[in-house]
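Peer 1: Take a look and give me a structure for this.
(chains A and B)
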There are 2 protein chains.
Amino acid sequence: MHYIGIDIGGTTTKAGRVDALGAIAESVKAPTRAENLENLIDTIGSLVSRLAAGAPVSAVGVGIPGLRNSRTGIIQTSPHIPCLRNVNLEKLLQEKLAIPVIAENDGNAGAYGEWRCGAGKGLQHLAYITLGTGLGCGLILSDALYRGASGYAAELGHTVIELAGRQCDCGRTGCIETRVSGPGIVQTAREKNVSGDISTAQSIFAAAMQGNDGAKAVFEDTGRYLGVVCANLINLLNLQTIVISGGVMASGDLLINAAREEAHRRAFAASALDCPIVQSQLWPDAGIIGAAMLARDNS
Amino acid sequence: MHYIGIDIGGTTTKAGRVDALGAIAESVKAPTRAENLENLIDTIGSLVSRLAAGAPVSAVGVGIPGLRNSRTGIIQTSPHIPCLRNVNLEKLLQEKLAIPVIAENDGNAGAYGEWRCGAGKGLQHLAYITLGTGLGCGLILSDALYRGASGYAAELGHTVIELAGRQCDCGRTGCIETRVSGPGIVQTAREKNVSGDISTAQSIFAAAMQGNDGAKAVFEDTGRYLGVVCANLINLLNLQTIVISGGVMASGDLLINAAREEAHRRAFAASALDCPIVQSQLWPDAGIIGAAMLARDNS
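Peer 2: Purely as a prediction, here's the structure:
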């Protein structure tokens, strides 16, 4: 039997038909039509139809960017897709698709994917951190997806590590996301007066790879901030691994080595020893696979 | 049946005989003789004997300051009682006392006490924060004491909220403990040039109560830092309550109101709504009661 996993991103919605072991059999994508709810649901519906044409599908899992109330199923807030606010997306999709639909926060879905099928397989305690437009996170604690009181847990991007730090989109200051994210990397490059094209994290990374020392320093600096937040997680949760994922994975070792070094310098030695910081094994599909595995395990 | 709970502090070891519902029937204390392990164990042994003379006791629980490996029972490090390093205290005590002994990190024991018998009774997800010489913590997540991979979890005092902050005893900078603890409060008073006796957090609080505005500002400032770390916990773990305990409880509302205000300003509104910040119901006995309840539930 197959399951469909859907990852609703700010610009692109990706979907995959996934087998019971977590392998993607077929994948499709479409621009996220966030202008209104009807268009968004139509897009998802047509992705599901295309995938379901290939093989029988028994359930659909959807990863949603934003705070989703796990008791009511209602999305509390979704900064990049405002039409999802106050919506029970899984209920609407289930009515439209006539198939069981499970929804989950997208960071949680990614964590679930890495835990079931990827870099965290077999572990009891792990964090999944994904770097993109923002900093997403999911937690597996004591052998289960950790959701907290209402499903809002794992908002790591808006924890503070630098009280008098940068202004964040959320309205507060010092959130780690202002440093460790695509826009954060661009801002750091601007502040360091890096030469060349510094319009995106990708272009800054390309410059680093071509030997631009300023661009390299940006990634090392970002990695150190990532290391501080990893140290906080290690000291607080004594994890068995932290899985790093997301668009900046393309920067490979440059970022992650700096993060490892800083985390090991800052965390308690005994706890740091328990917790390797590793790259995602499922990137860029952790969200799709995780959502499909959530559908498999909860439908 | 009764249980003995022991709270080994840096200067005083406190012990209580506790009934099966968590009420203290009798309590005793003695100076912590940390100069060597034999004297420390003798002290604990004589406290247990005194308490056991009053009623039958079926198990002993001990709260230990430091990192205790939950898989081996060996204490990895105990900054204030160095003779505990590399020791399996529960094994030594069990041999001496001929009664089941359960050991646990002291922050974890306090959290367990508040969860079983105090301000967190009946909740699934909570943090317990205790302010004294340092900042201790314990976590109850998903209806169980959360220990992490090796029992080292909940080292909240050494999470960073101010990267370029004060030097910490642990060798790093910016740990929340450098602000929110007895010594942190004294340092803040010094930096603010508060007049009068500012030798201890207690004397600074006494000055605040007598209308010293500078001393008041110290507690409000400390409360705001406590609020930031509460906001981090709320955003990361979507808790149902945070219980504040420890010596600074004497300062009552001054500190905790500032913490509440800052936490609500900084955490996501939906998550903050889930999580009242409350005072300990068991202080100063949360550690004793928690250790006894751990003995009750695990022996």
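Peer 1: thought A:Q124 was touching A:S142?
Peer 2: Yes: if you go by C-beta atoms under 8 Å, A:Q124 and A:S142 touch, sitting 6.2 Å apart. Every residue, glycine included, has its C-beta placed from N, CA and C.
Peer 1: Close to chain B: what parts of the stretch 101-250 of chain A are there?
Peer 2: By the rule C-beta under 8 Å from any C-beta of the partner chain, the part of the stretch 101-250 of chain A lying against chain B is A:124-125, A:139, A:141-142, A:144, A:146-156, A:158-165, A:170, A:172, A:174, A:228, A:231-232, A:235-240.
Peer 1: Just these: which are in helices?
Peer 2: Using DSSP state H, A:228, A:231-232, A:235-237 are the members of these that sit in helices.
Peer 1: Kindly indicate which of those lies nearest A:K91.
Peer 2: The shortest approach to A:K91 among these belongs to A:L237, at 32.8 Å (C-beta to C-beta).
Peer 1: My read is that the closest one contacts A:H125, right?
Peer 2: Yes: with contact defined as C-beta under 8 Å, A:L237 and A:H125 form a contacting pair (6.5 Å).
Peer 1: Which one of those two is surrounded by more residues?
Peer 2: Using other C-beta atoms under 10 Å in any protein chain shown, the more surrounded residue of A:L237 and A:H125 is A:L237, with 29 against 25.
Peer 1: who touches the residue of chain A most remote from its centre in this structure?
Peer 2: Most distant from the centre of chain A: A:S195, at 30.0 Å, with distances by C-alpha atoms, centre = their mean. For A:S195, the contacting residues are A:207, A:212, A:214, by C-beta atoms under 8 Å, 6 or more residues apart in numbering or on different chains.
Peer 1: Those, buried ones only, as a ChimeraX selection?
Peer 2: To isolate the buried subset of those in ChimeraX, counting by 16 or more other C-beta atoms under 10 Å in any protein chain shown, use the following:
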select /A:207,212,214
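Peer 1: What is the nearest of the contacts of A:S195 to chain B?
Peer 2: Minimum distance to chain B across those is 21.3 Å, recorded for A:G214 (C-beta to the nearest C-beta).
Peer 1: Tell me if that closest one really is in a strand.
Peer 2: No: using DSSP: H, G, I helix; E, B strand; the rest coil, the assignment for A:G214 is helix, not a strand.
Peer 1: Now that it has come up, it's in contact with A:R190, right?
Peer 2: No: applying C-beta under 8 Å as the test, A:G214 and A:R190 come out as separate, 10.9 Å apart.
Peer 1: which other residues reach the worst-scoring helix or strand of chain A on mean pLDDT?
Peer 2: Sorted by mean pLDDT, DSSP states H and E, the helices and strands of chain A end with helix A:201-209, the least confident at a mean of 92. Residues outside helix A:201-209 that contact it (C-beta under 8 Å, 6+ apart): A:182, A:185-186, A:189, A:194-198, A:214-216, A:218-219, A:247-248, A:250-251, A:254.
Peer 1: which residue sits closest to the residue in the stretch 51-200 of chain A positioned nearest to chain B, ignoring its sequence neighbours?
Peer 2: Relative to chain B, the nearest point of the stretch 51-200 of chain A is A:G148 (2.6 Å; C-beta to the nearest C-beta). Counting by C-beta to C-beta, 6 or more residues apart in numbering or on different chains, B:N238 is the residue found nearest to A:G148 once chain neighbours are left out, at 2.6 Å.
Peer 1: Tell me, how many residues neighbour the one you found?
Peer 2: Neighbour tally, B:N238, other C-beta under 10 Å: 27.
Peer 1: does it really touch B:H125, like I thought?
Peer 2: Yes: counting by C-beta under 8 Å, B:N238 touches B:H125, with 7.1 Å between them.
Peer 1: Between those two, which contacts overlap?
Peer 2: Counting by C-beta under 8 Å, 6+ apart, the residues touching both B:N238 and B:H125 are A:148-149.
Peer 1: Below-threshold pLDDT in chain A: ranges please.
Peer 2: Along chain A, the model assigns pLDDT under 70 to no residue.
Peer 1: Check the stretch 151-299 of chain A for the residue nearest chain B and tell me.
Peer 2: A:N238 (2.5 Å).
Peer 1: Quick check: the gap between the residue farthest from the centre of chain A and A:T12.
Peer 2: According to C-beta to C-beta, to the nearest Å, A:S195 stands 31 Å off from A:T12.
Peer 1: can you check A:I75 too?
Peer 2: 19 Å.
Peer 1: so what's A:A263 up against?
Peer 2: A:227-228, A:230-231, A:234, A:242, A:272, A:275, A:277.
Peer 1: and those as TSV, adding neighbour count?
Peer 2: Shown next, in TSV, are the contacts of A:A263 (neighbours: other C-beta atoms under 10 Å in any protein chain shown):
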residue	neighbour count
A:G227	25
A:V228	25
A:C230	29
A:A231	26
A:I234	30
A:I242	25
A:A272	21
A:C275	26
A:I277	25
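Peer 1: can you give me the helices for the stretch 51-200 of chain A?
Peer 2: With helices called from DSSP state H, counting those that start in this stretch, the stretch 51-200 of chain A shows them at A:89-97, A:106-117, A:182-191.
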